[in-house]
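Trainee: Give me coordinates for this.
(chains A and B)
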Amino acid sequence: MRVQYTLPGLQPRQLNQPEIEATPASFKSRVRRLSQALPRGWKHLLHLDVTPTGLEFIGPPPSADDMEMLDAETRRRRWRELLDRQTRLYEERGASEEESEEHQKARRMLSLLLNYQMLEDEVASRVLAESQG
Amino acid sequence: MNDLKDAWTARDRSLVAEKAYLLLQQGRCQEAEILLDGLLAIDPQNRYCRLALATVWVAQGDLRKAVEQFDRLITFYPNDIEIRTRRCEAYLRLNWLREAKADLGWLKQVTGGEQIGRLQLLIEVDPLKSQE
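Mentor: Residues are numbered from 1 along each chain as shown, chains lettered A, B, ... in the order given. Predicted structure coming up:
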């Protein structure tokens, strides 16, 4: 049995080897050339950025406007604002027996998200307490 | 229903959809289902959420429910190649050959991508299926 010890994306022949120059190049041009020869990233090399084909797989959702650029702090703030606003709206509306199926599903979703928020707050407060000794 | 869509902005829905995707990636299908159900209650024509919900059903082994989601999607997006491809594959797994071949025929007419070759192979790989 033949064992393949290398990963297809990392075959040495696939890397762009800089050609040996006849005349010595300047340091600046060497750095520029080397930076051009660098692979675009290991995830790209190993095709890990490609969503596999098939029923079991789905890629990430399309991002709204600036979502991809958000740092963790801004993202947390947006979550908090979202949940505060939605909770307020549901409290204003109040519980009604005639709530439609759609409203029930949205309420269920909000409950789950609030649970996540509570868990995250607990973890954050524990980390803070531990860091303060 | 419109008041729900007004209350949940596109940005809100995007954040929740991202969360649902992460849960799905972690195999937490029931939680992902709750979020996706909620998002679809707000916006029933959301293509991504319905596809993701179908993926949840596939992960839970309920291909019929996945097909229901694809059927609904096709009513909204009749010319969507990805949805047809996924439904064709679901039909194949359910062994619904007639329906699968109908979708494959449609796909052959509109596209010649690698998806067609893959589905064709899936049909041919099973001797019982290729005999039909």
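Trainee: For stretch B:5-14, output the C-alpha coordinates as PDB.
Mentor: Coordinates of each C-alpha in stretch B:5-14 appear next as PDB, following Å, rounded to 0.1, in the frame of the first residue of the first chain:
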ATOM      1  CA  LYS B   5     -40.400  42.300   9.400                       C
ATOM      2  CA  ASP B   6     -40.500  45.900  10.500                       C
ATOM      3  CA  ALA B   7     -39.400  45.000  14.000                       C
ATOM      4  CA  TRP B   8     -36.500  42.800  12.800                       C
ATOM      5  CA  THR B   9     -34.200  44.800  10.600                       C
ATOM      6  CA  ALA B  10     -32.100  43.200   7.800                       C
ATOM      7  CA  ARG B  11     -29.100  43.700  10.100                       C
ATOM      8  CA  ASP B  12     -30.800  41.900  13.000                       C
ATOM      9  CA  ARG B  13     -31.700  39.000  10.800                       C
ATOM     10  CA  SER B  14     -28.200  38.900   9.400                       C
END
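Trainee: Show me what counts as buried in it.
Mentor: For stretch B:5-14, burial by neighbour count (16 or more other Cβ atoms under 10 Å in any protein chain shown) applies to B:Trp8, B:Arg11, B:Asp12, B:Arg13, B:Ser14. (C-beta placed from N, C-alpha, C; glycine too.)
Trainee: before we move on, what about stretch A:104-115?
Mentor: A:Lys105, A:Ala106, A:Arg107, A:Met109, A:Leu110, A:Leu112, A:Leu113.
Trainee: List the buried residues for stretch B:68-86?
Mentor: In stretch B:68-86, counting by 16+ other Cβ under 10 Å, buried: B:Glu68, B:Gln69, B:Phe70, B:Arg72, B:Leu73, B:Asp80, B:Ile83, B:Arg84, B:Thr85, B:Arg86.
Trainee: quick one: the fourth one and B:Leu53 touch, right?
Mentor: By that I understand B:Arg72. No: in this structure B:Arg72 lies outside contact range of B:Leu53 using Cβ atoms under 8 Å: 9.7 Å.
Trainee: Many thanks, I have nothing further to ask.
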